[in-house]
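1. no sequence for this one, just the structure:
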């Protein structure tokens with residue numbers, strides 16, 4: 001089975017995302033008082049399966065949101081709630097090690113998770129790997145709320161003996177260039193702990 005991805009983007013219309021502009025839909029984005037993901041879900045075994053929570057930090061080590069990873073029947077649901085990030089498109093990847101301690105560079109998170117695939121990029125003829133995720137769009141209010149579902153990994157790929165990290169990059173991923181799609185510097189990091 002080839003890896004597949006489903007992105008569900010908040011209340012922002014696809015037309016707005018493609019144009020990169022603002023519209024009435026931008027005002028419908030969740031506000032600062034929007035409900036947070038379940039704080040009790042840090043690492044839990046719920047009736048819907050295993051879940052793990054990771055706090056997102058920016059390049060200065062400041063809180064920048066949270067990520068919840070939930071095991072589904074055929075893959076993992078990643079719920080990203082990011083704040084205080086630069087507006088525009090950003091590449092998002094899953095990295096091998098749950099370590100964000102080198103704030104500002106985030107290289108301690110290692111390279112991309114390989115998962116069930118091979119090379120980097122959705123349009124790479126040699127296939128994708130488990131670290132590939134779609135780009136996110138951060139609105140002018142510096143927030144992005146997005147849910148991704150990927151069949152390229154299982155939750156155990158994120159919570160193995162050294163954990164894993166979700167990295168947000170400065171630039172968008174072009175989905176083909178090696179090794180990171182030209183996504184640039186690592187500007188935010190969320191470390192999933194080992195379970």
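-> Looks like it arrived, so ask away. Just so we're clear, the structure is a prediction, and the values are computed from it rather than from any experiment.
2. where in the chain is pLDDT low?
-> By pLDDT under 70, the low-scoring segments of the chain are 1-49, 115-117, 119-121, 123, 180-182.
3. and the strand or helix carrying residue 167, which strands flank it?
-> Here residue 167 sits within strand 164-169, counting by DSSP states H and E. Its sheet considered, strand 164-169 pairs with strand 92-95 (antiparallel), strand 186-192 (antiparallel) by DSSP bridges.
4. okay, these, which one's buried deepest?
-> Neighbour counts (mean count of other Cβ atoms under 10 Å) averaged over each of the strands paired with strand 164-169 peak at strand 92-95, with a mean of 26. The way it works is simple: take the backbone N, C-alpha and C, and place the C-beta from them, glycine included.
5. contact partners of that one?
-> 80, 109-113, 115, 130-136, 148, 153, 157-158, 164-169, 173, 180, 183 (Cβ atoms under 8 Å, 6 or more residues apart in numbering).
6. put the buried members of the residues you listed into a PyMOL selection.
-> If you want just the buried ones from the contacts of strand 92-95 in PyMOL, going by 16 or more other Cβ atoms under 10 Å, the selection is:
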select buried, resi 80+109+110+112+113+115+130+131+132+133+134+135+136+148+153+157+158+164+165+166+167+168+169+173+180+183
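7. can you flag which of the contacts of strand 92-95 belong to helices?
-> Of the contacts of strand 92-95, the ones assigned to helices by DSSP state H are 157-158.
8. which one, of the strands paired with strand 164-169, ends up nearest to residue 69?
-> strand 186-192 (6.4 Å; Cβ to Cβ).
9. the strands paired with strand 164-169: which one's closest to residue 67?
-> Per Cβ to Cβ, nearest to residue 67 of these: strand 186-192, 4.6 Å.
10. residue 72 and residue 149 touch, don't they?
-> Yes - Residue 72 is within contact range of residue 149, at 6.8 Å (criterion: Cβ atoms under 8 Å).
11. of all the strands paired with strand 164-169, which lies closest to residue 51?
-> Closest among the strands paired with strand 164-169, using Cβ to Cβ: strand 186-192, at 10.5 Å.
12. need the contact list for residue 170.
-> With Cβ under 8 Å, 6+ apart, residue 170 has these contacts: 86, 90, 183-187.
13. in CSV: these, plus distance to residue 96.
-> Listed next are these as CSV, based on distance: Cβ to Cβ, whole Å:
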residue, distance to residue 96
86, 25
90, 20
183, 16
184, 19
185, 18
186, 13
187, 19
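14. that's all I had, so thanks and see you.
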